[in-house]
Every structure is written in C-alpha cells, then in structure tokens.
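Engineer: 3D model of this:
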Amino acid sequence: MTPCLVFDLETIPDALALRRLNPEWQGLEDDAVIELALAARRESHGNDFLPLHLHKVVAIGCVFRDDNGFRVRSLGKEDDPEPTLLSGFFKTIERYTPRLVSWNGSGFDLPVLHYRCLIHGVQAARYWDLGEDDRDFKFNNYIGRYHQRHIDLMDLLAKYNGRANAPLDDLARLCGFPGKMGMDGSQVWKAWSQGRRAEVRAYCETDVVNTWLVYCRFRLMRGELDIEAYEAEIELVRSSLQQIEGEQWREYLDLWQA
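Structural biologist: Residues are numbered from 1 along each chain as shown. Below you'll find the predicted structure:
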C-alpha cells in the first residue's frame, strides 16, 4: 500500500517574530508581546487570528498508516525547538513519499510549514519536487491543489468552494466518531503558556485520528474501500488505540462507544 501520513499542527504566536517586526516591543516579556499583538489584530480585523507567518509550530500530530500497521504520535519531544519539528516532518516525507492527508491543510497547515521552513532554513526537497528530480512528480506532486499526493479532505469535500467548508468536529461526530476533546485551536496558546504541553500534544493526536477516520469513510464513499475493508480499517484504529497508554485514548474510546 502507499504509505499515508495524516498531519495536524498546533501553533502559538511567535513572540520573537513579533518583536522583530515591532521594535517598540523589545524588552517586553513574551506574554505581553503576544497580548499586544492579539489586541491589535482584534482592533484591525475583529478577531485575534494572526497572519500565518507569525504562527510558531509547537506540535505536529501524525497518523502513519502503511503495510506495518497504524501508528499515531506527536513528532519530537515537548521541548524540541521548532526547526527540529519541521525537519522531522519533512524527513518523513523524504524517506517514505507518503500520501499526505489533512483537514484544511492547504488553507492553514501547509502554508504555515512553508513560512516557518523559509524562516528557519529547513530543507524539504522531496516535498517541493515539481518533476525536476522525479518525473512522476510533474503531474502529481504535493503542491498542486488538485493532485493526489496531498489530499485536503475539507477542501475536496467542499468541492474547492470555501463557502461549503465544514468543521472536522461536526463531520467526525456525524459519522459516529468521537470528534474533538477538551480543547480547540483557539485555546492552544493559553494551555501552552501554562505549561500544559502534554495536553496540547494529546489534543493534536486525537485530531489526526479523527481526520484519519473521516478519510476512511471518504474512501468507502468513493469506492476505494469496500465495506469489509472499511470495517477492518476502523477496527485496526480501535484496537491500536487500546494498546496505547494515555488518558486521552481511554477518554476517546469511551466517547467512541457512547
């Protein structure tokens, strides 16, 4: 089978970048810098969602499915610097050339990764190949919106119409899966600043499992899986999660059975 990598980012405002772009904030603590930036954004745009290049990646949750089974984890360690997380993600692509699957990856996760790799000088040659190194990538690569090496499931299900986008949490629960647990993206900065890093990583991991489960349902819908193969994939996820330590997985499985 073609390896499949489902991914999701958790980010916080980049205090260092904000200081560089706002010299008058030099000398302020990170919390103060970020609060000023969020307040300015609310005043100018009516919300506190910062531009993508000002998002610092603090967690990358991944589901990896290949001939060896199903795995879910967060890349790196809680205290790894951002370039280490970025490098680990793109080294996985370099090694396995997996199909990437995301929910709003084209609208958020991948642009954030692009900007952050540019800022830190992280190489991602396989990911950026447009056919120069591998001829197969000329008409099917990770960059093309309508190609198959990256499937943004939200974008595809909405038929590339932003007005038709749906939340992952809604669709996961409507399909009978657990959905989000205990946190959403708007709460990540507060949790991270309070030292709840393991909680952020756990939330990110449950999100990629939700994405994988919805992707399996999509594969059933399009006829890529028959009902027996689909049920086998779902059971593989369930049985794999039962073997993983972590309170979030016990809660997740309890919700799944409710």
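Engineer: in the stretch 51-200 of the chain, which spans are helices?
Structural biologist: Using DSSP state H, counting those that start in this stretch, the helices of the stretch 51-200 of the chain run over 82-96, 110-120, 125-128, 153-157, 168-174, 188-193, 197-221.
Engineer: show me what the next helix or strand after the last one is in contact with.
Structural biologist: Tracing the chain C-terminally past helix 197-221 and defining elements by DSSP states H and E, one meets helix 227-242 next. Residues outside helix 227-242 that contact it (Cβ atoms under 8 Å, 6 or more residues apart in numbering): 69-72, 209, 212-213, 216-217, 219-220, 225, 249, 252-253, 256. Where C-beta positions appear, they are placed from N, C-alpha and C, glycine not excepted.
Engineer: and these, which of them are buried?
Structural biologist: For these, a neighbour count by 16 or more other Cβ atoms under 10 Å gives the buried set as Phe70, Val72, Val209, Trp212, Leu213, Cys216, Arg217, Leu220, Leu225, Trp249, Tyr252, Trp256.
Engineer: parallel or antiparallel, list what pairs with the longest strand anywhere in the chain.
Structural biologist: Scanning the chain for the strand with the most residues, using DSSP state E, yields strand 55-66. Strand 55-66 sits in its sheet next to strand 4-13 (antiparallel), strand 69-74 (antiparallel), going by DSSP bridges.
Engineer: give me the angle between it and helix 110-120.
Structural biologist: 120 degrees (axes from the mean of the first three to the mean of the last three Cα atoms, to 10 degrees).
Engineer: pull the CA atoms of strand 55-66 into CSV?
Structural biologist: Output of strand 55-66 as CSV, limited to C-alpha atoms (Å, rounded to 0.1, in the frame of the first residue of the first chain):
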residue,chain,number,x,y,z
HIS,A,55,2.4,31.2,13.9
LYS,A,56,5.1,29.2,15.6
VAL,A,57,4.7,25.4,15.3
VAL,A,58,4.8,23.7,18.8
ALA,A,59,3.3,20.3,17.9
ILE,A,60,2.8,18.2,14.8
GLY,A,61,0.5,15.3,15.3
CYS,A,62,0.7,12.4,12.9
VAL,A,63,-1.1,9.2,11.9
PHE,A,64,1.1,6.9,9.8
ARG,A,65,-0.6,4.0,8.0
ASP,A,66,1.4,1.6,5.9
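Engineer: list the buried residues for it?
Structural biologist: Residues of strand 55-66 classed as buried by neighbour count (16+ other Cβ under 10 Å): His55, Lys56, Val57, Val58, Ala59, Ile60, Gly61, Cys62, Val63, Phe64, Arg65.
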